[in-house]
Structure formats: structure tokens, C-alpha cells
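Asks: sequence and predicted structure, then a few things I'm wondering about:
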Amino acid sequence: MIHPGKPRTEIPHSRSRSVVGDRRCPAAVPKDPTPCAGPHDAATLVDRLGGEVVGCVTHLARHLAGADGTRVHPFTPPSRALDIYSRARELPPAAWKVGK
Ligand SMILES: [Zn+2]
């Protein structure tokens, strides 16, 4: 039998709200309120111990600005790596602490 009056419930109504609140890339620091920019897997950073973090260009740049010995992964396309380094150069370490 067909039930024409049955409402469609596949998409929860709260879905769009959670994208803003807690759906940021893994590189976003919890204390940093800035939103992501672009894909959440834009590039990877490698720290001096070999640890890696994937994220959007905004949060990778913010992470890079305060992390000695950290660099963009060598497999990152050069234009994207330059974008991240350029953004990081404009930021102080832990930019969210000074309202940047
Ligand atoms: Zn992000």
C-alpha cells in the first residue's frame, strides 16, 4: 500500500545548526572560534616528531603560525602550500588568544 500522507523524516531539522557549531576540521583548536574555509582536508601539516594533522587552509595556517618545526606535507600542491604559509606569516602564535 502507498501512504501519501506520511511525512518524510530522512533529514533531521537540526542538521544545518550542527555544521556551524561542531563540524570543523581536525586542525581547529577548540578555543579558536574561527570557522573553516574550504575543504576540511585541504592539506596536512607534519610536526618535527612526524605527527600529522589534516585541516582547512585557515586552521592549518593558524596551527602553523605557532608551531616551531612544523611544515606543510611535501605532497601538498605548491599553490596550496604557499597559501597556507602566506596566511601563517600574517598571524601571531595562538592568534585566537589575541582576538585575531
Ligand atoms: Zn578548519
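Replies: Nice, I can see it. Residues are numbered from 1 along each chain as shown.
Asks: from here on, contacts and neighbour counts on C-alpha atoms
Replies: Noted.
Asks: quick check: pLDDT value at the closest residue to the ion within the chain.
Replies: Of all residues in the chain, the one sitting closest to the ion is Cys36 (3.6 Å; C-alpha to the ion). In the prediction, the pLDDT value recorded for Cys36 is 97.
Asks: this structure: helices as residue ranges?
Replies: In the chain, the segments counted as helices under DSSP state H are 15-22, 57-65, 78-89.
Asks: can you add mean neighbour count and mean pLDDT and give the ones you listed back as a markdown table?
Replies: A markdown table is the format used below for those (neighbours: other C-alpha atoms under 10 Å; pLDDT from 0 to 100):
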| stretch | mean neighbour count | mean pLDDT |
| --- | --- | --- |
| helix 15-22 | 10 | 46 |
| helix 57-65 | 25 | 96 |
| helix 78-89 | 16 | 97 |
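Asks: and these: which comes nearest Arg48?
Replies: helix 57-65 (11.8 Å; C-alpha to C-alpha).
Asks: quick one, that closest one and helix 78-89 angle?
Replies: Counting by axes from the mean of the first three to the mean of the last three C-alpha atoms, to 10 degrees, helix 57-65 points 60 degrees away from the direction of helix 78-89.
Asks: which bits of this structure sit near the ion?
Replies: Contact residues, the chain versus the ion (C-alpha under 5 Å from the ion): 25, 36, 56, 59.
Asks: out of everything not next to it in sequence, what's closest to Arg62?
Replies: Leaving aside its sequence neighbours, Arg62 sits nearest to Ala88 (C-alpha to C-alpha, 6 or more residues apart in numbering; 5.9 Å).
Asks: what's near enough to touch the one you found?
Replies: Taking C-alpha atoms under 8 Å, 6 or more residues apart in numbering as the contact definition, Ala88 lies against 61-65.
Asks: what about Val53, how many neighbours?
Replies: Under the neighbour criterion other C-alpha atoms under 10 Å, Val53 is assigned a count of 19.
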